[in-house]
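Trainee: sequence and predicted structure, then a few things I'm wondering about:
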Amino acid sequence: MPVQQDALWYKDAVIYQVHVRSFLDSSGDGNGDFRGLAQKLDYLQDLGINTLWLMPFFPSPLRDDGYDISDYRTVNPLYGTLDDFKNFLEVAHKRGIRVIIEMVLNHTSDQHPWFQESRSSRSNPRRDWYVWSDTDTKYKGTRIIFLDTELSNWAWDPVSKQYYWHRFFSHQPDLNWDNPAVREEMWDVMRFWLDMGVDAFRLDAVPYLVEREGTNCENLPETHGVIKDLRTRLDREYPGRMLLAEANQWPSDLRAYFSTGDEFHMAFHFPLMPRMFMGVKLEDRKPITEILKQTPEIPETCQWCLFLRNHDELTLEMVTDLERDYMYDEYAKEKAMRLNLGIRRRLAPLLDNDRRRIELMNGMLMSMPGTPIVYYGDEIGMGDNINLGDRNGVRTPMQWDGGWNGGFSTADPETLYSPLMLNPVYGFQAVNVQSQKRFDHSLLAWMKRLIKIRKSTAVFGRGSIQFLYPANHRVLAYVRKLGNETILVVNNLSSSAQAVELDLKPYKGNILVEMFGRNVFPRIGDLPYLLTMGPYQFYWFKIRRV
Amino acid sequence: MPDESILSDEFIRELINVGEVDILVGVPTHNDARTVGQVVQAVRAGLLKYFPRARSVIINADGGSRDGTRDLVCAASINDTVGSNLPALRTLHSISTQYEGPPASGTALHTILAAADLLQAKACAVISPESTSLEPEWVERLLRPVIREGVDLVLPVYRRHKFDGMLIRNLVYPVTRAVYGCTVQEPYPSDYAFSSNLGSNFLNQDLWTQEQGRHGTELWLTLAAIIGRYRIYQSFLGTRGRLESPPSDLVKAMRETAGLLFCSMDCYPAAWKDSREPLPAPCGGCQPAVSLEPMRVNRKRLHQMFTFGISQLEPVFSSILSTPTHEELKRLATLPENEFELPEPLWARTVYEFAAAYHRAVIGRDHVVQALVPLFRGRALTFLTENREAKESEIESNIDKVCHAFEAEKPYLLQVWDGGK
């Protein structure tokens, strides 16, 4: 089943985020690789996902898990060869699975030859490929993102005796996007991968591309100019490919990255994610409906990307101080769980391994307006290791079975890129794919069903949304609609059973068909529609005229 | 089980939508549109500021207002359709119900208690719609001791004018302190808080069909807490605003105070006759609670009403009072206003004899209570005269003097309680 030709394919996608290094080691060196990933495409196809998002796999000193790239045009030898990648891509496409790869535009590793040349002397032709200054006082209004590790956005280079600009770690100097040569080079890098057949790029850290004095150096018009230029080139030379923005911003600021449909196709909805966790903990839909009300309309061809967890910390940048304190107290009771302005934990431990809550959160993820992303391992309820530094605790090896190294690698355990999860609750012997394949009611089996039902209709990916606001604030209800198809989603955010009355007058005379069991519920009449819901229960109903 | 039939179906539907809560703030009203909006907004601000994470609800128990009171309370709601610009983590329901029957603070409290029980509120505060000087901090000072320290009843301490609340200062407070051994300055509160434990216990008491279940119920709650040896705490709130309102009906006030005190002494003699350890009621943030602005008082009228009462109610007093007490009061009635003084020991003995007469029902109990009114006017005149030029500390010490007199005369109460005059 090769990939279908549909320009809006990303609207119907169910994305699976995976790090090549974490998935399967075919060579026995302790690191996952492309051959291993290709071996597991059957598993991913069976799970039902139709798009893969790969984290950076380029050569890198790996001081930021690959987001510090030292060569954009090949594959890190740890993960295989360029031919391995090409083979993987071909096999994925044959299975109808598209591939999104990372493109870190904002910065390189300080080990990248470009930076080595740039720092070698002030007269080097690549000097202007990065942002240099005699003082560390320029762009004073710019916030520091990695508060736990960086004191300034400037770092002193003892070689060329100037400061260089970096929005992230000091070993990740920012490229100078005001330099046309940089623009041309980076487009050439993108073409390199597009020619090979990759379907999309996740463009990392896009708000920070350009700096201007007197601003906060985020979301500047010049940055949008860069994106528009890339999009124009992409549409002209590679129609049907897609750009996904990583911009941790408020929805109103994010809106500009869609522009009139001529910048990004998709962008992550960062503020929604923490509010979903908040809503479930508060047992109150208010945080969720509020942020979605603040979310502006986007062009028809654009789409939000939704996620519960990813490779980073659960970011709390886009919440108020009051909300952040609450989230820390409720979801990160131990200090080791906190990192920067966020919480470095996986989905299952965040939800106390409560199957009902895990299902509810995934149910919301799959039914809200946008394209959902499943982070690798969350489909089986993998845990995290907060004793590992940085965000490595959520990047441990995939747990395939209860055998040697959890089926991840034949290497000696000491040589694995990361320790395996071993504890009795989340360890690979307790939580693994093989054991969950045996049972029809495992989380894995349930996720397969959920994804299948999500994909059974285009409403979730492309339909409109209308909130119902029942008087019971513990219940989040909305109607998704596309053409003649209408779906009612009702989520009980509470840990206790709830009764809720829904105003379904516009659908009077219709019946409800529950989408998981296909059971028919009573016809909608004049009175408010009464539903009783178990703790953390959710319903997806098709509203059908009989 | 509490009787939930007092809650209407519509109100129960609203409570279902509210669900379980941590904090319930009740606001009893009847045509309070002039003040209730401001009060409820301050309550909401207090909840958002001091209990932002708590599941809270504001419940208005209304006695049939026709001035838009209920709408003003409901306007304080915060949800995803209104008030979302406020820094609120959660939905805050502010709902209103009209209870059946005539307006009565006890019926309102009954409704609030039943709702709190249904919603399993861990802490409950009741705020008067007339507390126009209410600051958000009051909400914190009332509720925090219940939520954080396991206190069962938090009573307010206000900064009051020296001549405010004279019935409380000269009768309710001294009797509560002397008879029940608990020093609570405002035993008949208008703003207070209590635990779910005390609330449930009180809700299940058999009082809601009786007079104390309709009027003076707040005092009955205090007495129930004292008698039940619950943990009591007092919180200094600040100045209580004074509303310009018609003079209160003293007979009604006497029924709700002295009447209830006598009734509780009659119902629960073991709670005060046996010697018990005093029940502590520590005060948080207490400070001199008296203000001294000049105030016009018609002392002459008080004197006239005392002397008139003594002569008019001669047969009633003969049934209630001992001869020495009666004679002494009659002698006082002959004194001119400028020489008049009803001293504390005589006042204490008088009140105790009334309590005993109430207990023994020498005449109709309501008549006993009503007959105390003119005598109280004499005591009020004395208090006014004594404290006309008094400073804060002198007033406090004079109130203490009244209490000491009641404490000193407690053996006399025991003596007259079951004996003759």
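Mentor: Okay, I see it. Numbering: from 1, shown residues only, chains lettered A, B, ... in the order given.

Trainee: local confidence estimate at the residue of the stretch 301-421 of chain B found nearest chain A?
Mentor: Among the residues of the stretch 301-421 of chain B, residue B:392 lies closest to chain A, at 40.4 Å counting by C-beta to the nearest C-beta. (Glycine included, C-beta is placed from N, CA and C.) pLDDT, residue B:392: 80.

Trainee: in this structure it contacts residue B:290, no?
Mentor: Yes - with the criterion set as C-beta atoms under 8 Å, residue B:392 and residue B:290 qualify as a contacting pair; they are 4.7 Å apart.

Trainee: which residues do these two both contact?
Mentor: Residues touching both residue B:392 and residue B:290 (C-beta atoms under 8 Å, 6 or more residues apart in numbering or on different chains) are residue B:162.

Trainee: which one's more surrounded, the two?
Mentor: Neighbour tally, residue B:392 and residue B:290, criterion other C-beta atoms under 10 Å in any protein chain shown: the higher count belongs to residue B:290, 21 against 15.

Trainee: how far away is that one from chain A?
Mentor: 39 Å (C-beta to the nearest C-beta, to the nearest Å).

Trainee: got the domain ranges for chain A?
Mentor: Listed domain ranges for chain A are A:113-165, A:464-544 (source: automatic domain parsing).

Trainee: return the most buried member of the ones you listed.
Mentor: domain A:464-544 (a mean of 18; mean count of other C-beta atoms under 10 Å in any protein chain shown).

Trainee: could you give the mean pLDDT of it?
Mentor: Mean pLDDT, domain A:464-544: 96.

Trainee: from the chain's centroid, how far away is that domain?
Mentor: Taking C-alpha atoms, centre = their mean, to the nearest Å, the mean C-alpha location of domain A:464-544 is offset from the chain mean by 28 Å.

Trainee: for the chain, give me the ranges with low pLDDT.
Mentor: With no chain named, the answer covers chain A. Along chain A, segments meeting pLDDT under 70 span A:1-4.

Trainee: you answered for a different chain; I wanted chain B.
Mentor: Applying pLDDT under 70 to chain B flags the ranges B:1-4, B:83-84, B:242-247, B:288-289, B:292, B:294, B:420-421.

Trainee: if you set the cut-off to 50 instead, what comes out?
Mentor: For chain B, the stretches flagged by pLDDT under 50 are B:1, B:421.

Trainee: break it into its domains for me.
Mentor: Per the record's domain assignment (automatic domain parsing), chain B is made up of the domains B:4-291, B:299-418.

Trainee: need the strands for the stretch 251-400 of chain A, in chain order.
Mentor: A:266-268, A:303-307, A:314-315, A:338-339, A:342-343, A:371-375 (DSSP state E, counting those that start in this stretch).

Trainee: could I get these as a markdown table with mean neighbour count and distance to chain B?
Mentor: What follows is the strands of the stretch 251-400 of chain A, written out as a markdown table (neighbours: other C-beta atoms under 10 Å in any protein chain shown; distance: least, C-beta to the nearest C-beta, whole Å):
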| stretch | mean neighbour count | distance to chain B |
| --- | --- | --- |
| strand A:266-268 | 25 | 23 |
| strand A:303-307 | 23 | 19 |
| strand A:314-315 | 22 | 17 |
| strand A:338-339 | 22 | 18 |
| strand A:342-343 | 22 | 17 |
| strand A:371-375 | 24 | 23 |
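
Trainee: what's the nearest residue to residue 271 if we skip its chain neighbours?
Mentor: I'll assume chain A. residue A:318 (3.9 Å; C-beta to C-beta, 6 or more residues apart in numbering or on different chains).

Trainee: my bad, chain B
Mentor: Here the nearest residue to residue B:271 in space, its sequence neighbours aside, is residue B:227; by C-beta to C-beta, 6+ apart that works out to 4.2 Å.

Trainee: how about residue B:176?
Mentor: Using C-beta to C-beta, 6+ apart, the nearest residue to residue B:176 is residue B:187, at 4.7 Å.

Trainee: which SS class is the one you found?
Mentor: In terms of secondary structure, residue B:187 is coil; the call rests on DSSP: H, G, I helix; E, B strand; the rest coil.

Trainee: surely it meets residue B:223?
Mentor: Yes - assessed by C-beta under 8 Å, residue B:187 is found in contact with residue B:223 at 7.4 Å.

Trainee: so which residues of the stretch 301-450 of chain A form helices?
Mentor: In order along the chain, the stretch 301-450 of chain A carries the following helices (DSSP state H, counting those that start in this stretch): A:321-331, A:347-350, A:355-367, A:433-437, A:443-455.

Trainee: does residue A:488 count as helix, strand or coil?
Mentor: Taking three-state DSSP, the label given to residue A:488 is strand.

Trainee: list the contacts for it?
Mentor: Here residue A:488 is in contact with A:477, A:478, A:479, A:502, A:504, A:512, A:539, A:540, A:541, A:542, A:543 (C-beta under 8 Å, 6+ apart).

Trainee: repeat the analysis, applying 10 Å as the threshold.
Mentor: Neighbour list for residue A:488: A:468, A:477-481, A:502, A:504, A:507, A:510, A:512-515, A:521, A:524, A:529, A:531, A:539-543 [criterion: C-beta atoms under 10 Å, 6 or more residues apart in numbering or on different chains].

Trainee: which ones among these are found in helices?
Mentor: Mapping the contacts of residue A:488 onto helices (DSSP state H) picks out no residues; all lie outside.

Trainee: inside strands: which ones of the residues you listed?
Mentor: For these, membership in strands holds for A:477-481, A:502, A:512-514, A:521, A:529, A:531, A:539-543, with DSSP state E as the criterion.
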